[in-house]
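Colleague: Here you go, sequence then predicted model.
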Amino acid sequence: MDRQIVYPGAVPLETDLLNTNKFAMIGLAKLASAVLGSGTCLSGLHCSPASPASLQVHVSAGEIYCLQHIDETAYSTLPADHSGTILKQGLTGDVTFDVPAPMQNGMSINYLVQAAYIEADTGGIVLPFYNAADPSKAFNGQGNAGEALPCVRQGVCSLSLKTGIAAADGTQPTPEADPGCISAWIITVAAKAKGITADNIRRAPEAPFLPTGGVYQSLQQGNLTFAHDAGSANTYVASYQPPISSLVDGMRLTFKAHEPNTGKSVFSAKGGETHPLLSQAKKELEGGEIMAGGFITVEWDSSAQVWLMCGNTGGALPVPDAINAGHAMNRRQGDGRYIKKGEGYSDEQAKKTFLPLKGGELSGSLTVKEELKVEKDVKAANLYAGNTLYDGGGNVYGAHWRNAKDDESFKKTFPDKNSERGWLTHWLDQKFKEQSDAINTRPTWSELDGLYIRSIRLGSETTKKGRRLAGCNGFVMTQWDAAKKLSQDYRATFRPIQVDLTGRGEWKTIGQDNKKDDGL
């Protein structure tokens with residue numbers, strides 16, 4: 001920044017003070033331009049309904065920053081300076097505007113609040129001037145003419161209200177800003193309205209407002225590069241403050257999506273300019289990458305004239321094709337690698353490496369943290385369910401399915417059983433035996449006494465003779481003497497059939513159960 005130099009004893013000139021002010025103005029303008037850039041911007045100037053409610057709006061104090069010639073007109077004795085432009089600041093205080101409503105029903109009208117930078121020389125007073133003829137008597141004004149001269153050059157933010165044309169509700173046009181002016185606010189007033197509400201006021205689409213709170217705070221909070229989506233599914237539109245003046249390679253922006261995408265999508269960040277929105281793999285979106293309420297970060301690719309999605313919350317993450325072993329694969333590439341031979345996996349390797357959708361073999365351990373539901377067979381060397389183990393040998397181990405070798409009472413009860421067999425196996429054996437015994441009852445020996453033949457024999461011989469011989473119940477003929485003549489007595493030998501029903505030698509002759517063996 002330049003500074004004016006003065007010396008002791010030198011005759012003071014008005015240009016010394018004028019240049020001091022000029023140099024300071026240029027220095028501050030360069031600093032402002034370094035921070036804010038060279039585009040026109042507005043700060044403050046918040047528009048709100050008047051209170052109490054009426055057909056008035058109130059615009060608060062604020063500033064406008066825009067490029068202007070160093071001095072458009074002569075600055076006192078310094079001539080106009082058009083050698084360059086600097087970012088000048090114009091100030092304003094609070095301003096109130098009347099916004100009358102149309103009188104015809106069904107009509108509405110739009111009003112435009114516009115801002116412009118102007119310079120005004122104000123504060124005019126009649127100054128005393130040096131009188132060379134009589135230094136003791138100052139001239140009254142320049143040349144003793146008594147005319148007031150301006151003492152302040154003001155940079156002013158000039159606010160004005162431009163009235164649109166009333167038309168049917170929803171069709172009323174918004175007036176264009178006048179040359180040299182910037183659109184700031186649009187106020188819509190319906191026919192016969194009695195007051196203005198916040199819903200009637202909206203910021204003009206291209207209004208270059210600086211974020212509330214200052215530039216540094218906005219950089220920290222991301223306000224300069226964040227906006228809410230105002231578009232629809234697959235067509236995303238966001239308006240940033242201040243507005244995007246140009247798209248630069250590598251520019252990153254973030255918006256909060258209002259609707260999810262269902263396929264190919266486009267994005268507009270600079271009024272009217274819509275460009276394709278691709279994944280970071282530079283592929284068309286397929287649907288599901290953008291979710292309602294998700295934060296989407298995009299980056300401008302100037303060579304392809306597309307937006308690249310480099311961040312998305314809640315949606316599916318597009319993944320480019322893997323090239324090296326350490327790269328992540330996308331689903332399409334993974335499916336292709338699984339079903340094709342010659343891609344690094346044989347059919348046999350693929351069956352053991354991937355878990356197929358229609359059955360197959362999975363080598364290694366598989367942990368399921370939630371429920372596992374299957375409709376077909378599951379084969380495993382060992383199957384754990386909670387703290388219970390079902391091994392490949394059909395045994396069950398666990399708190400209530402103890403191994404026999406760990407159960408002392410079991411080993412005492414079944415000492416002959418294989419201690420490696422599961423407790424459940426022996427328990428089932430015992431239960432089956434109990435049921436079988438209940439169905440097929442086996443009597444005791446005492447219950448069998450007198451019911452079944454234990455032994456059988458032939459008793460002592462007995463001989464009978466006579467003209468007629470008749471046998472007895474339970475006896476059999478063992479000998480017949482046939483040599484005798486028929487006129488003499490016959491002779492035959494008989495022996496009784498005897499049985500023992502008790503096993504204690506209690507012999508009884510068949511047909512004579514109640515008679516004791518008499519040895520006949």
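Modeller: Looks like it came in fine.
Colleague: Low-confidence stretches in the stretch 351-500 of the chain?
Modeller: The model of the stretch 351-500 of the chain has pLDDT under 70 over residues 351-363, 386-387, 391-427, 440-451, 467-471, 482-489.
Colleague: switch to 80 and redo it
Modeller: Within the stretch 351-500 of the chain, the stretches with pLDDT under 80 are 351-454, 464-474, 477-491.
Colleague: And the helices in this structure, which stretches?
Modeller: For the chain, helices defined by DSSP state H occupy the ranges 14-36, 215-221, 331-339, 347-353, 408-413, 423-439, 445-448.
Colleague: What average pLDDT does the first one get?
Modeller: The average of the pLDDT scores along helix 14-36 is 94.
Colleague: hmm, who's touching that helix?
Modeller: Helix 14-36 has contacts (C-beta atoms under 8 Å, 6 or more residues apart in numbering) with 1-4, 6, 65, 70-71, 75-78, 81, 86-89, 210, 215. C-beta here means a position set from N, CA and C on the backbone, and glycine is covered the same way.
Colleague: Buried ones among these?
Modeller: 65, 70-71, 75, 81, 86-89, 210 (16 or more other C-beta atoms under 10 Å).
Colleague: Rank the residues you listed by pLDDT and give me only the lowest.
Modeller: Minimum confidence in those sits at Leu210, scoring 89.
Colleague: quick one, what contacts that residue?
Modeller: 36, 41-43, 218, 241-242.
Colleague: Now those residues in JSON lines, please, with extra columns for distance to Trp185 and neighbour count.
Modeller: Formatted as JSON lines, the contacts of Leu210 follow (distance: C-beta to C-beta, whole Å; neighbours: other C-beta atoms under 10 Å):
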{"residue": "Leu36", "distance to Trp185": "21", "neighbour count": "18"}
{"residue": "Cys41", "distance to Trp185": "15", "neighbour count": "21"}
{"residue": "Leu42", "distance to Trp185": "10", "neighbour count": "23"}
{"residue": "Ser43", "distance to Trp185": "14", "neighbour count": "19"}
{"residue": "Ser218", "distance to Trp185": "20", "neighbour count": "17"}
{"residue": "Gln241", "distance to Trp185": "13", "neighbour count": "19"}
{"residue": "Pro242", "distance to Trp185": "15", "neighbour count": "18"}
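Colleague: of those, closest to Lys464?
Modeller: Ser218 (142.4 Å; C-beta to C-beta).
Colleague: Hmm, Phe226 and that closest one touching each other?
Modeller: No - judged on C-beta atoms under 8 Å, Ser218 makes no contact with Phe226 at a distance of 9.6 Å.
Colleague: Okay, Asn110 and Gly180: tell me how far apart.
Modeller: 21 Å (C-beta to C-beta, to the nearest Å).
Colleague: What is the burial count for Asn324?
Modeller: Neighbourhood size, Asn324 [other C-beta atoms under 10 Å]: 5.
Colleague: thinking again about what came up before, could you list which of the contacts of helix 14-36 belong to strands?
Modeller: Secondary structure from DSSP state E places 65, 70-71, 81, 86-89 of the contacts of helix 14-36 in strands.
Colleague: Can you pick out the most distant pair from the residues you listed?
Modeller: Tyr65 and Asp81 (19.2 Å).
Colleague: ok, now which ones touch Phe432?
Modeller: By C-beta under 8 Å, 6+ apart, Phe432 has no neighbours at all.
Colleague: Report the separation between it and Ala190.
Modeller: On the measure of C-beta to C-beta, Phe432 and Ala190 end up 90 Å apart.
Colleague: Equivalent analysis for Ala34, please.
Modeller: 45 Å.
Colleague: and those two? which has more neighbours close in?
Modeller: A count of neighbours by other C-beta under 10 Å puts Ala190 above the other of Ala34 and Ala190, at 15 against 10.
Colleague: circling back: is it possible to export the contacts of Leu210 to a markdown table including distance to Thr197?
Modeller: Formatted as a markdown table, the contacts of Leu210 follow (distance: C-beta to C-beta, whole Å):
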| residue | distance to Thr197 |
| --- | --- |
| Leu36 | 33 |
| Cys41 | 28 |
| Leu42 | 23 |
| Ser43 | 25 |
| Ser218 | 28 |
| Gln241 | 23 |
| Pro242 | 27 |
